[in-house]
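Asker: pasting a predicted model and its sequence here:
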Number of protein chains: 2
Amino acid sequence: MTENLHPQRTEIGQYGEFGLIDILTEQVKLQNASSKYGVGDDAAIMNFGDKDVLASTDILLEGIHFDLSYCPLKHLGYKAAVVNFSDIYAMNGRPTQLLVSIGISKRFSVEDVEELYQGIYMACQAYGVDLVGGDTSSSMTGLTLSLTILGEVEKDKAVKRSGAQQHDLICVSGNLGAAFMGLQLLEREKAIYKGEADFTPDFEGKEYLLERQLKPEARKDIVETLAKKGIVPTAMMDVSDGLSSELLHICKQSKCGCRVYEEKIPIDYQTAVLCEEMNMNLSTAALNGGEDYELLFTVPLAMHKLIEDWSDVKIIGHICPADEGCRLVSRDGNEFDIIAQGWKHLSGE
Amino acid sequence: MTENLHPQRTEIGQYGEFGLIDILTEQVKLQNASSKYGVGDDAAIMNFGDKDVLASTDILLEGIHFDLSYCPLKHLGYKAAVVNFSDIYAMNGRPTQLLVSIGISKRFSVEDVEELYQGIYMACQAYGVDLVGGDTSSSMTGLTLSLTILGEVEKDKAVKRSGAQQHDLICVSGNLGAAFMGLQLLEREKAIYKGEADFTPDFEGKEYLLERQLKPEARKDIVETLAKKGIVPTAMMDVSDGLSSELLHICKQSKCGCRVYEEKIPIDYQTAVLCEEMNMNLSTAALNGGEDYELLFTVPLAMHKLIEDWSDVKIIGHICPADEGCRLVSRDGNEFDIIAQGWKHLSGE
């Protein structure tokens, strides 16, 4: 559980910025017809014909978004890219071009950065995305990553958060809370570890939770199946901050309320077992955990049958008028206001 | 000369991420027809019809790229945006959409971040760019900025670094070395200052140098004039790292050599005066200084007359075969190899 840095160590200063970029990007081959020119100039060149273009960006800082003591650099690269792609799927689009900027301190070697990029390339390969640009800088303070993803969508088919209508069904893919419990598990083992040389963390039977935390996937398949089924959701977003937070975003931007049923929220068996073991509230993990990267979307009530037959998507509630509020209906029939778990880093909590 | 932070201080944690984004983006109004939807969803939505799309990204880290002890946050925001736009002009394009990510530590208040964004908005206004997205994060270590700019260009009219041909004229806009000397001046006054309460830095007669360093402009006008004159350069880039470095990029990517004449390099009077005063080599400042954000481009020899009549562009040399090398011809007729000034941050120098 020490920092997973590469055994061979080449100092970054040995290559300089342009040498480093050459090394990191020599394997890049453009895959998308819309990618005309990639790394190596002032800007990348794309042509999207008459498609609409989507763009989203994420910033990831060491000590805030990731902890290298249990997140290997390759996994970090993979996850950072996939999380970025997820924003494009959340708009009903297809990610096509990625730009990656990194700030790195002297603590990192060329091999470390190569490992990070290997993870990024694995994600690009898996999702058919071209790396077309970026920036590389030294840093005085650890690792900073900034990713910008471009994507395409049929003209006027992008799905925003603002289109949910009264009576719409609220749907979610996969299951929730697993990534959060994976993080709890990693934190627990890190706390036990405390530097013992022969320490072996206890992850048995909990591999799925670790994978959800360390190697999440974006729901490309859900967007493709939506297209096949001829469904254009009225609103959609990905679950990155937690179901509660995302439901509030959709309701606020669609000017509506919602009822979500606790018993309908899909939860994996391993998530439930670890919650029990760690004496944590299962619904809290599922509602506020975050980092699931599942898709949360709303469809007209008339599409009930189409969704019901889809094993990987669950209907968890429905949209109601704004003045009825955003509420969770518990197993015993009580209603609770859904509350956003905020952005705690800067509030001193 | 202390950190220029805003007198009123609202803690960022008081608003949370989404509250902060609301405050920062409430004034945004989309200006470009290609901007369909901006801030407020998983991704921005654009449509570029049959134009080509350009994308470029920059990362800026406190202590590496900027020093808040002499760079006010508003100036930092303006400069960061303009430098990013410059990459689009350097491709013969027009910047249209900007995404801004920031990482901020508790040292900064809401007012500080608003000041930073004021600078970014001023630049967006001046250059007709829409802010369409971004990400906001807390940071443990000062300020991190990452900007991604999208732009448009007529189909197949983007100008890369790789198209320079033998006999082409090498041209540069404006003048070189002033931004670098502005930085020398700021560093000198900072060294003299050392915390004296009634210290007044001595900038008289050197305002232009300060402006070039603290509030640089991108050469939108040059790209527009090129279009008016019907000139499509064979190769182009902006001078960010320094003339030497950029000449080597164009020559390497165009597989050619060059001759550049020292006496032809355009230098402002204030640059020359401060070099003299500080006992520095003027040509070194102009060749290796960087941050000028002027445009360096090559055109066919037949366009000599068109360029010669253009007061804001100077012909500084010509392209030659690769085996003749990349050389500077000094005032006394001697030839020197042009050497790239590297990326020193990580090499321990």
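Answerer: That came through fine.

Asker: just the element for the most centrally placed residue in chain A, please.
Answerer: Nearest to the mean C-alpha position of chain A, by Cα atoms, centre = their mean, lies residue A:83 at 3.1 Å. Using DSSP states H and E, residue A:83 sits in helix A:73-89.

Asker: any residue of that helix touching chain B?
Answerer: Yes - against chain B, helix A:73-89 shows contacts by Cβ under 8 Å from any Cβ of the partner chain at A:87, A:88. Where C-beta positions appear, they are placed from N, C-alpha and C, glycine not excepted.

Asker: now do whatever helix or strand comes next after that helix: distance to the chain's middle.
Answerer: Of the helices and strands lying after helix A:73-89 in sequence (DSSP H and E), the nearest is strand A:94-104. Centre-to-centre, strand A:94-104 and its host chain are 14 Å apart (Cα atoms, centre = their mean, to the nearest Å).

Asker: between strand A:94-104 and helix A:73-89, how many degrees?
Answerer: 140 degrees (axes from the mean of the first three to the mean of the last three Cα atoms, to 10 degrees).

Asker: so which elements touch the helix holding residue A:83?
Answerer: Packing partners of helix A:73-89 (3 or more Cβ pairs under 8 Å, 6 or more residues apart in numbering or on different chains; DSSP states H and E): strand A:52-61, strand A:94-104, helix A:110-127, strand A:144-153, helix A:220-228, strand A:235-238.

Asker: each with direction, which strands does the fourth one pair with?
Answerer: Its sheet considered, strand A:144-153 pairs with strand A:52-61 (antiparallel), strand A:94-104 (antiparallel) by DSSP bridges.

Asker: dump those strands into TSV; add mean neighbour count, mean pLDDT and distance to residue B:289 as well.
Answerer: Shown next, in TSV, are the strands paired with strand A:144-153 (neighbours: other Cβ atoms under 10 Å in any protein chain shown; pLDDT from 0 to 100; distance: least, Cβ to Cβ, whole Å):
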stretch	mean neighbour count	mean pLDDT	distance to residue B:289
strand A:52-61	25	93	30
strand A:94-104	27	93	23
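
Asker: out of those, flag the one nearest residue B:114.
Answerer: Among these, strand A:52-61 comes nearest to residue B:114, with 18.6 Å by Cβ to Cβ.

Asker: pull the CA atoms of that closest one into PDB?
Answerer: Only the C-alpha atoms of strand A:52-61 are listed here, as PDB (Å, rounded to 0.1, in the frame of the first residue of the first chain):
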ATOM      1  CA  ASP A  52     -24.000  18.900 -32.500                       C
ATOM      2  CA  VAL A  53     -20.800  19.000 -30.500                       C
ATOM      3  CA  LEU A  54     -20.600  18.500 -26.800                       C
ATOM      4  CA  ALA A  55     -17.800  19.700 -24.500                       C
ATOM      5  CA  SER A  56     -17.100  19.000 -20.800                       C
ATOM      6  CA  THR A  57     -14.100  19.400 -18.600                       C
ATOM      7  CA  ASP A  58     -13.000  18.000 -15.200                       C
ATOM      8  CA  ILE A  59     -10.100  19.000 -12.900                       C
ATOM      9  CA  LEU A  60      -8.600  16.400 -10.500                       C
ATOM     10  CA  LEU A  61      -6.200  17.400  -7.700                       C
END
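
Asker: which element is residue A:258 on?
Answerer: Using DSSP H and E, residue A:258 falls in strand A:257-261.

Asker: just checking, next helix/strand downstream of the lowest-mean-pLDDT helix or strand in chain A?
Answerer: When the helices and strands of chain A are scored by mean pLDDT, DSSP states H and E, helix A:16-25 comes last with a mean of 74. Where DSSP H and E defines the elements, the next helix or strand beyond helix A:16-25 is strand A:35-37.

Asker: can you list the strands that the very next helix or strand once past that following strand pairs with?
Answerer: Downstream of strand A:35-37, the next assigned helix or strand under DSSP H and E is strand A:44-47. With DSSP bridges as the test, strand A:44-47 is paired with strand A:35-37 (antiparallel), strand B:52-61 (antiparallel).

Asker: how about residues contacting strand A:44-47?
Answerer: A:34-38, A:53, A:96-97, A:99, A:132-133, A:150, B:48, B:50-56, B:91, B:153, B:155, B:158 (Cβ atoms under 8 Å, 6 or more residues apart in numbering or on different chains).
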